[in-house]
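>>> How does the following fold in three dimensions:
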Amino acid sequence: MASLAVTTTPSPHFPPFKPSKSTNSQKFTPTHLTKLQEDAKNHQILYKSYFHHISSLCKEGQVQEAVNLLSVMELKNLHVGPETYGELLQGCVYERALFTGQQIHARIVKNGDLFSRNEMGFSEEALLGFCEMEESGVFPDNFVLPNALKACGALGWIGFGKAAHGYVVKMGFGGCVFVASSLVDMYGKCGVVEDARKVFDGILERNVVAWNSMIVSYVQNGMSEEAIEVFYDMRVEGVEPTRVTVSSFLSASANIGALEEGKQGHAVAVLGGLGLDNILGSSIINFYFKVGLIEDAELVFSRMLEKDVVTWNLLISGYAQFGQVDKALNMCRLMRLENLRFDSVTLASVLSASSYISNMKLGKEAHCYCIRNNLESDVVVASSIVDMYAKCERIDYARQVFNSMIKRDLVLWNTMLAAYAELGQSGEALKLFYQMQLESLIPNVISWNSVILGFLRNGQVNEAKDMFLQMHSLGVEPNLITWTTLISGMAQNGFGDEAILVFQQMQKAGIKPNSICLVSALAACTDLAALRYGRVIHGYVTRHDIWLSIPIATSLVDMYAKCGVIDEAKWVFDMILSKELPLYNAMICAYALHGQALEAIALFKQLEEVGIEPDNITFTTVLSACSHAELLNEGLELFNHMVFELQMKPTMEHYGCVVNLLSRCGSFDDAFRLILTMPCKPDAHILGSLLSACRDCHEIELGDYLSKHLLELEPDNAGNYVALSNAYAASGRWDEVSYMRDLMKQKGLKKVPGCSWVQIGGELHVFVAGDKSHPKAGDIYTILALLGMEMHCTVNSPMFSDVEILCS
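Numbers count the residues shown, from 1 in each chain. You can find the predicted model right below:
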């Protein structure tokens, strides 16, 4: 058995070997020992010289010359270690020298059966062979040990791996860099990164394999920042990276969105002359897609000479994730022209693209392809099919595919659970949740999240909270998605105060919120007009150097505006250098809420000047601003600009704003004419706004006409009856007022009283119309009366009159 020339320390637990019979052993004199030591030293120097020569030849692409040198080593009876074979095989990979690689593999098989079995994927058999070696009295050396450790890593057998580590220490193989590197790799694959780092730190002379093992271990365990640090340490040490190094570094950069670091990794590959093979090229493409640089990914793909299925799949998957479905499908066509067959990953990407655009026809075609090519039994493909049908709102088809699967893994169950949850079918989701447990499948945190989401989508907030408590009691730790789902769901269901409390609990649990979670918490503050908590969240973003992304900035602008602090909303808006449409919409809406219509129009014009195309929300907000400020000409100009110049189709909200604008400005004929010529039937909101204006301007006939249609549209809306009653009261028609009140009683309708609140310090004060239960109700109503008198004096008196001076 070949082995490296390293000194081994015999274990004190094993007695020295004593032959039962005398042998003709040679007695060594001090001179002989000195000569043997010199021979061993010369042997080691010669071996290192050959190794470095072979390594250089492989890097220069001269693989055959390197193999010839290997033959010379064998003729000189020099033991060939694993590092030499590793360099040769790596050279064959770079040069695509398959036949030469097979020859080297044959030599390895000849010299080590254990290594052969390990490489062929029989990890358990390899470890059995390792045990048989020890039992038969043949002690594994530093050539066999790395392969045994590799098998432990592949199986995740940490116990066996630690035992092997003990053997390494006992036999003194810890000084061998290849054994140590294998230990690092084994601990990394078993998820014990701390032990991997201890072994790595104990390696005195680290080669590139050792560095790669540590970087890969960190990446595999989601510790991308640590992987990047090790890469930088490696560069400082002057160790030249290989394709494996750069690929792992790019994966780490992609995982945390480290744009600059990833670009540096690409530059290192270019400067180091590392060719764009399938592995490195795929890693670079994956990085650029994950950081959103699609054009750079396309450029790398175009420069790759050889592309395998993995490379094509990366591009197709990337396009699908970014919603560029046409490009994804075009790449599929080009892939077929290259005579490459679709695999499960390709089909999963096509099905994902179908889901994105809700194109069930395309999804069915992909499903048929799976059936024809026996891919439908693949759980990854099946999960994608289920998701596709669910996104296309055919949950019945999704369930049929789910039921047809003989082998259902946790991912497939979770996909079906998520499908029910997204549609708010909480009952079906809960039944499926219990069914998976009856089939001996333990739900994970993703399963629990889906059930909670299903309850929240269905408005069952208490049930969602109960499910959350059950998670805790069963030892399932909520993750960031769990907390975010709960916060968002509570805010959307009107439980903003509880949403803020859950956000505080999440922070106490040590979970750092992401942008989605922060946006959800800010939405809760906005609904409650809880300025204090909104500012606290803004402070958290600033203190923790969280990037002020467009979603977070938009939410802050919206929160400050709806809490009455327009200046702070403007300050956040001005802080963002690269503004996008959602942020402009939020600021225009803020101006509209605060009656600053001219500022809203100016910002709208600025938006168009910088080349951003307005959407329906933009026009709704700016038209609303014109309506509240009664800017008739400006509002009509904007509406015409939208319809005739931008060729946008107005929605019900746009027509409502224009009708409201016309009626506020007294143009009842134009408002009524617009209602009659609308391409869609007016809703109760439009009729109600016009009716309210008729009441204020005593347009009795038009008001009567509108009231009949309004009651036909919403016969059970108490607000409409109250509005009509008020309109009749304003014109002195008290019989109609009594009739409306009696009609409400007959129908059992009650007007929900208006409600408002204000937060002072940490206390929330709620006020309901007509309610005098507040402890300071007397003082509050006194101040309101004084304000009413002052407003009356201000409105009804001319400037500098005696009455105004008296009131002031």
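>>> Give the rounded mean pLDDT of the helix or strand residue 608 falls within.
Taking DSSP states H and E as the criterion, residue 608 maps to helix 597-609. Mean pLDDT, helix 597-609: 95.
>>> let's number from 355 now, not from 1
Got it, the first residue is 355 from now on, which makes the last one we talked about helix 951-963.
>>> helices and strands around it, which ones?
Packing partners of helix 951-963 (3 or more Cβ pairs under 8 Å, 6 or more residues apart in numbering; DSSP states H and E): helix 935-947, helix 970-983, helix 986-994. All C-beta spots, glycine's among them, are computed from the backbone N, C-alpha and C.
>>> Looking at those, spot the one closest to residue 735.
Among the helices and strands packed on helix 951-963, the nearest to residue 735 by Cβ to Cβ is helix 935-947 (35.7 Å).
>>> Quick one: distance of that closest one to the chain centre.
Relative to the centre of its chain, helix 935-947 is centred 27 Å away, using Cα atoms, centre = their mean, to the nearest Å.
>>> same check, this time on stretch 702-710
Worked out by Cα atoms, centre = their mean, stretch 702-710 lies 17 Å from the chain centre.
>>> which residues sit against that stretch?
667, 670-671, 673-675, 677, 679, 682-683, 686, 696, 713-714, 716-717, 720-721, 734-735, 737-739, 741-742, 745-746 (Cβ atoms under 8 Å, 6 or more residues apart in numbering).
>>> Stretch 599-617 now?
562, 565-566, 569-570, 572-573, 576, 578-579, 581-582, 585, 588, 595, 619-620, 622-623, 626, 628, 633-634, 636-638, 640-642, 644-645, 647.
>>> Need the buried ones from those selected in PyMOL.
Applying 16 or more other Cβ atoms under 10 Å to the contacts of stretch 599-617 leaves a buried subset, and the PyMOL line that selects it is:
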select buried, resi 565+566+569+570+572+573+578+581+582+585+588+595+619+620+622+623+628+634+636+637+638+640+641+642+644+645+647
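>>> Show only the entries of the contacts of stretch 599-617 found in helices.
Residues of those located in helices (DSSP state H): 562, 565-566, 569-570, 572-573, 578-579, 581-582, 585, 588, 619-620, 622-623, 633-634, 636-638, 640-642, 644.
>>> show me where this structure has strands.
1109-1114, 1117-1122 (DSSP state E).
>>> ok, of those strands, where does mean pLDDT dip lowest?
strand 1109-1114 - the lowest mean pLDDT of the strands of the chain, at a mean of 69.
>>> Can you tell me what sits against the helix holding residue 962?
Contacts for helix 951-963 (Cβ under 8 Å, 6+ apart): 935, 938, 941-942, 945-946, 968, 972, 975-976, 979-980, 982-983, 985, 988, 992.
>>> Selection in ChimeraX covering whichever of these are buried, please.
A single ChimeraX command selects the buried members of the contacts of helix 951-963 (16+ other Cβ under 10 Å):
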select :935,938,941,942,945,946,968,972,975,976,979,980,982,983,985,988,992
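>>> pLDDT of stretch 666-679, averaged?
Computed over stretch 666-679, the average pLDDT equals 88.
>>> Any buried residues in that stretch, and which?
666, 667, 668, 669, 670, 671, 672, 673, 674, 675, 678, 679.
>>> Tell me who's in contact with the fifth one.
What it means is residue 670. Counted by Cβ under 8 Å, 6+ apart, residue 670 has contacts 682, 685, 686, 689, 700, 703, 704.
>>> switch to 10 Å and redo it
681-686, 688-689, 696, 699-700, 702-704, 706-707 (Cβ atoms under 10 Å, 6 or more residues apart in numbering).
>>> go on, the fourth one?
The neighbours of residue 669, taking Cβ under 10 Å, 6+ apart as the test, are 636, 639-640, 643, 648, 651-652, 654-655, 661, 681-682, 685, 688-689, 703.
>>> Report the buried members of those residues.
Buried, going by 16+ other Cβ under 10 Å: 636, 639-640, 643, 648, 651-652, 654-655, 661, 681-682, 685, 689, 703, out of the contacts of residue 669.
>>> Just the closest of those residues to residue 1074, please.
residue 682 (49.8 Å).
>>> And the closest one, how far from residue 593?
Computed as Cβ to Cβ, to the nearest Å, the residue 682 to residue 593 distance reads 39 Å.
>>> do residue 778 as well
From residue 778 to residue 593 the distance is 55 Å (Cβ to Cβ).
>>> Name the residues of stretch 910-918 that are buried.
Residues of stretch 910-918 classed as buried under the neighbour-count rule (16+ other Cβ under 10 Å) are 910, 911, 912, 913, 914, 915, 916, 917.
>>> can you give me the mean pLDDT across it?
pLDDT averaged over stretch 910-918 gives 94.
>>> could I have it exported to CSV, CA atoms only?
Provided in CSV are the C-alpha atoms of stretch 910-918 (Å, rounded to 0.1, in the frame of the first residue of the first chain):
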residue,chain,number,x,y,z
LEU,A,910,-41.6,55.4,6.2
VAL,A,911,-43.0,58.2,3.9
ASP,A,912,-46.5,56.7,4.1
MET,A,913,-46.3,56.3,7.9
TYR,A,914,-45.0,59.9,8.6
ALA,A,915,-47.6,61.4,6.2
LYS,A,916,-50.6,59.5,7.7
CYS,A,917,-49.3,60.3,11.2
GLY,A,918,-49.5,64.0,10.3
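>>> How far does that stretch sit from its chain's centre?
On Cα atoms, centre = their mean, the centre of stretch 910-918 falls 27 Å from that of its chain.
>>> what's the answer for stretch 1042-1050, then?
48 Å.
>>> Pull out the buried positions in that stretch.
Buried, per 16+ other Cβ under 10 Å, within stretch 1042-1050: 1042, 1043, 1044, 1045, 1046, 1047, 1048, 1049.
>>> With pLDDT and distance to residue 852 as added columns, please give those in JSON lines.
What follows is these, written out as JSON lines (pLDDT from 0 to 100; distance: Cβ to Cβ, whole Å):
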{"residue": "1042", "pLDDT": "72", "distance to residue 852": "32"}
{"residue": "1043", "pLDDT": "75", "distance to residue 852": "34"}
{"residue": "1044", "pLDDT": "75", "distance to residue 852": "39"}
{"residue": "1045", "pLDDT": "71", "distance to residue 852": "37"}
{"residue": "1046", "pLDDT": "73", "distance to residue 852": "35"}
{"residue": "1047", "pLDDT": "71", "distance to residue 852": "39"}
{"residue": "1048", "pLDDT": "71", "distance to residue 852": "42"}
{"residue": "1049", "pLDDT": "67", "distance to residue 852": "39"}
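>>> Sweet, I'm off.
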